[in-house]
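**Student:** sequence first, predicted coordinates after that:
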Amino acid sequence: MAVRLYNSLTRQREEFSPLNPPRVGMYVCGPTVYGHSHLGHAKSYVSFDAIVRWLRTPAPLGPGFDVNYVQNITDVGHLTDDADEGEDKVVAEARRRGLHPMAVVETFMRSYLDDMDALNNTRPDIMPRATAHIPEQIALTQRLIESGHAYEVNGSVYFSVGSFPDYGKLSGRKFEEMEAGARVAVNTEKRNPADFALWKRAEEGHIMRWPSPWGEGFPGWHIECSAMSQKYLGLTFDIHGGGLENQFPHHECEIAQSEAAHGVPFVRYWLHNNMCTLEGQKMGKSLGNSISLKDVFYGREGGVRDKAGNVLLDRTFEPVVVRHFILTSHYRQTLDFSSDALRAAESGSYKLRDAARELHRAAHVAQPPSAVSADPSRDRSDPSRDRKGAVSQPTDPSGDRGGATSTSADRAQLRQAMNPLPHGRGSDRPHAPLPSSLATSDAVRSALAEIEQRFAEAMNEDFNTAAAIATLFDLAKRSGEWLRDGLAAPGGAGSGASAGDRDADPKFATRAADLRAADGLMQHLAGDVLGFYWPAALGGADNGKQDDLIRLLIDLRAEARKNKDFALGDQIRQRLSALGVELRDGPQGTTW
């Protein structure tokens with residue numbers, strides 16, 4: 001099943017065919033680090049994280065590509081008007097705070113990474129900084145001058161747009177129709193108002209400056225992405241992503257300078273995510289309605305308000321809720337934030353969380369004690385499963401067909417294939433068995449296979465995360481029905497049945513395998529692919545250990561009632577209730 005994506009360059013959906021399969025080179029424009037990350041950053045980088053995760057998903061469920069994911073950090077050269085005029089944004093913020101520009105960069109780069117980690121975004125493989133690649137940018141500028149595509153004036157160097165006939169092929173703008181002053185004030189140094197800066201001379205007192213053949217200065221904004229992307233991905237690479245607002249002039253200029261310098265195509269597929277709005281209005285600092293991610297996650301004293309004092313957000317929301325909200329819309333659609341919209345996303349996210357936890361409890365109870373003790377995946381201290389692919393807490397995303405042992409070949413193969421590599425790469429395990437194949441009963445195996453197919457179809461069709469999430473809710477619904485219909489009996493979610501009762505049940509092995517297959521699929525799709533991570537309940541303790549303790553108390557309560565010690569049974573129920581754990585006695589046993 002091939003991946004089809006919308007290529008902004010050709011303005012149509014195309015089948016994705018990497019230049020050197022299974023390797024994929026992908027570059028995404030990173031942030032300019034002069035302030036805290038905002039909701040627009042979340043929209044962009046959560047969307048591209050989901051794309052990277054899907055491209056890396058092992059076959060036959062996913063494409064199984066080895067993605068080299070590069071995302072830059074802009075720490076110099078991005079001027080206040082987003083073109084060639086104004087002041088460097090980092091320098092302006094440093095002056096406002098009375099700090100050195102690099103202090104501003106370090107502060108807000110760490111802040112950005114903290115926010116992306118909170119959203120459970122996979123760290124890019126390479127995060128190059130513009131200030132660390134000045135020689136590469138100077139070399140590319142020199143090459144453009146030598147080839148007649150750029151010229152120097154008073155220590156600044158400009159790209160001659162008229163020398164590149166294809167300028168405008170990405171945005172659809174024609175060079176002949178670009179009027180002087182249409183976007184910025186006319187710069188008298190330029191031969192044509194549409195020309196853009198590759199290198200800017202540093203005026204007296206400018207802190208961010210480097211020596212060059214044209215005197216001391218600093219690079220223009222556009223040149224950094226060409227220099228860094230081609231250094232790490234090659235002169236031609238597969239995917240370039242970024243915000244739609246950067247399609248012109250930033251990405252248009254990247255194409256022009258890269259292809260003019262080397263004479264080969266720059267990028268084969270361009271992906272652009274749409275912007276964020278706030279209750280229908282464009283978000284921006286100048287409009288006074290910009291909301292930082294820290295405002296959303298932790299709140300602000302006095303509430304989050306606009307310049308007029310109107311409340312923008314009336315309470316905080318967990319990062320997983322923001323991620324859920326972003327992925328319930330297509331990456332190419334505008335995303336409108338509001339308190340009501342986030343509340344709706346929160347409700348949906350927590351319903352999915354509760355269903356996943358209930359299913360996992362049932363699957364875990366259904367695992368025989370001997371398998372629990374022998375299963376290395378039960379060691380929840382393993383940091384490789386923390387956040388990156390875990391739905392609730394690190395869990396084993398698999399189950400063996402027989403249900404008797406946890407060391408069968410297919411169980412170990414699935415666990416190894418689905419555990420992420422240290423850097424999130426999937427190159428040495430491009431194939432993994434489908435979770436549905438580990439189910440024993442035909443009905444459950446067929447139902448899980450259908451869900452796998454629908455999920456894959458959604459993600460393969462231009463990364464339709466909204467349809468993929470809808471499939472997850474269908475899985476949650478089906479698994480809930482299976483549990484209510486007694487699929488897990490007598491070892492169901494929170495069941496008070498003893499291990500001896502479960503082992504004596506002739507259908508237990510089938511039920512156990514089916515539950516673990518369903519749980520494995522939920523863990524894989526929600527955690528590994530979509531990146532949903534719900535912090536543990538009850539003060540952040542390990543969910544698996546919580547479940548073990550609750551089941552132990554339920555077993556003790558059942559034993560007490562069997563011995564007619566109802567006072568002890570009631571005390572256990574009451575003490576658990578005080579901790580927020582409600583016991584429910586039913587035909588299938590005790591659940592919580």
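**Tutor:** Sure thing, it's come through.

**Student:** what segments of the stretch 101-250 of the chain are strands?
**Tutor:** Secondary structure of the stretch 101-250 of the chain (DSSP state E, counting those that start in this stretch): strands located at 150-153, 156-159, 196-201, 217-219, 237-243.

**Student:** using CSV, lay out those together with mean neighbour count, distance to R557 and mean pLDDT.
**Tutor:** All C-beta spots, glycine's among them, are computed from the backbone N, C-alpha and C. Formatted as CSV, those follow (neighbours: other C-beta atoms under 10 Å; distance: least, C-beta to C-beta, whole Å; pLDDT from 0 to 100):
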stretch, mean neighbour count, distance to R557, mean pLDDT
strand 150-153, 19, 79, 98
strand 156-159, 24, 75, 97
strand 196-201, 26, 73, 96
strand 217-219, 24, 69, 95
strand 237-243, 24, 54, 97
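
**Student:** so V264 sits against Q230, correct?
**Tutor:** No. Counting by C-beta atoms under 8 Å, V264 sits too far from Q230 to count as a contact (10.0 Å).

**Student:** more neighbours: which of those two?
**Tutor:** Q230 (21 against 10; other C-beta atoms under 10 Å).

**Student:** what sits against that one?
**Tutor:** F237, S258, H262, F266 (C-beta atoms under 8 Å, 6 or more residues apart in numbering).

**Student:** and the two most separated of these?
**Tutor:** F237 and H262 (12.2 Å; C-beta to C-beta).

**Student:** quick one: A443 is in a helix?
**Tutor:** Yes. Counting by DSSP: H, G, I helix; E, B strand; the rest coil, A443 is located in a helix.

**Student:** what's the helix or strand for R95?
**Tutor:** helix 89-97 (DSSP states H and E).

**Student:** buried sites along that helix?
**Tutor:** Buried positions in helix 89-97, judged by neighbour count with 16 or more other C-beta atoms under 10 Å: K89, V90, V91, A92, E93, A94.

**Student:** for Y34, see how far away A94 is.
**Tutor:** 8 Å (C-beta to C-beta, to the nearest Å).

**Student:** pull up the overlap in contacts between the two.
**Tutor:** V104.

**Student:** low-confidence stretches in this structure?
**Tutor:** Low-confidence segments of the chain (pLDDT under 70): 81-83, 176-187, 284-287, 365-430, 486-508, 536-545, 580, 587-588.

**Student:** domain ranges for it, per the record?
**Tutor:** Per the record, the chain has its domains at 4-9+23-277, 343-543, by automatic domain parsing.

**Student:** ok so, going back, for the helix holding R95, name the packing helices and strands.
**Tutor:** helix 101-118 (3 or more C-beta pairs under 8 Å, 6 or more residues apart in numbering; DSSP states H and E).

**Student:** my guess is V46 contacts D115. True?
**Tutor:** No. Counting by C-beta under 8 Å, D115 is not a contact partner of V46; they are 10.6 Å apart.

**Student:** contacts for stretch 23-31 next, please.
**Tutor:** 18-19, 37, 41, 44-45, 48, 52, 55, 65-74, 112, 124, 127, 225, 229, 232-234, 237-243, 246, 250-251, 267, 427.

**Student:** hmm, 7 Å instead?
**Tutor:** 18, 37, 41, 48, 52, 55, 65-74, 112, 127, 225, 229, 233-234, 237-242, 246 (C-beta atoms under 7 Å, 6 or more residues apart in numbering).

**Student:** ok, stretch 326-339 next?
**Tutor:** 6, 39, 42-43, 46-47, 50, 273-280, 313-314, 345, 463-466, 469, 530.
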